[in-house]
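> Kindly generate the corresponding structure for this input.
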Amino acid sequence: MGKIIFYEDRNFQGRSYECMSDCSDMTSYLSRCHSCRVESGCFMVYDRPNYMGNQYFMRRGEYADYMSMMGMRDCIRSCRMIPMHRGQFRMRIYERENFGGQMHELMDDCDNIMDRYRMSDCQSCNVMDGHWLMYEQPNYRGRMMYLRPGEYRSYRDMGFSGMRFMSMKRIMDM
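Numbering: from 1, shown residues only. You can find the predicted model right below:
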């Protein structure tokens, strides 16, 4: 079970909101959110309601001023708890939308799809097992996207138009 506490102001000041599950819109609890403390588990936080916008991965720890730390331009507006997965990890990545083009199956982290698979782009995927983070740049840098088991036919349809994903990492038990 995960637990995250959001605070209106930096350095854990102001009103707070404690969350132990998904929250699609935090504006009814806090007018703004500038710091948080993850007491257990892992969470994805989003700068727009309904799990939209830029995503940020947070694990156990204190984030006294995460906006400057992570380069966030806006407050946290929604969050999703990431359940811990035990067992194998499997994901198929595809060069084009709708599972087209070159396909490769991953069972571990990949720091650069260009170097490992000679793939210049990843436009769709099928997550069979585990929870994953996809990153815009090699070596797990840049904007990220959280993926749980399921089919992802088009990142563009998910609001990631023009974004290329170049590295993938499993979300492992902490």
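> can you pull the buried residues of the helix or strand where Gly101 lies?
Remark: Gly101 resides in strand 100-106, with elements defined by DSSP states H and E. By 16 or more other CB atoms under 10 Å, the buried positions in strand 100-106 come out as 103-104, 106. C-beta coordinates here come from the backbone N, C-alpha and C atoms, glycine included.
> next one: stretch 37-46
Judged by neighbour count (16+ other CB under 10 Å), stretch 37-46 contains these buried residues: 37-38, 41-46.
> so which pair among the residues you listed is furthest apart in space?
Among the buried residues of stretch 37-46, the pair separated by the greatest distance (CB to CB) is Arg37 and Tyr46, at 17.9 Å.
> quick one: secondary structure of Asp115?
Three-state call for Asp115 (DSSP: H, G, I helix; E, B strand; the rest coil): helix.
> Any figure for the gap between it and Ser167?
10 Å (CB to CB, to the nearest Å).
> Between the two, which is the more surrounded one?
Ser167 (24 against 12; other CB atoms under 10 Å).
> So for that one, what's the pLDDT?
You'll see Ser167 listed with a pLDDT of 97.
> tell me the secondary structure for Ser21?
Following three-state DSSP, Ser21 is assigned to coil.
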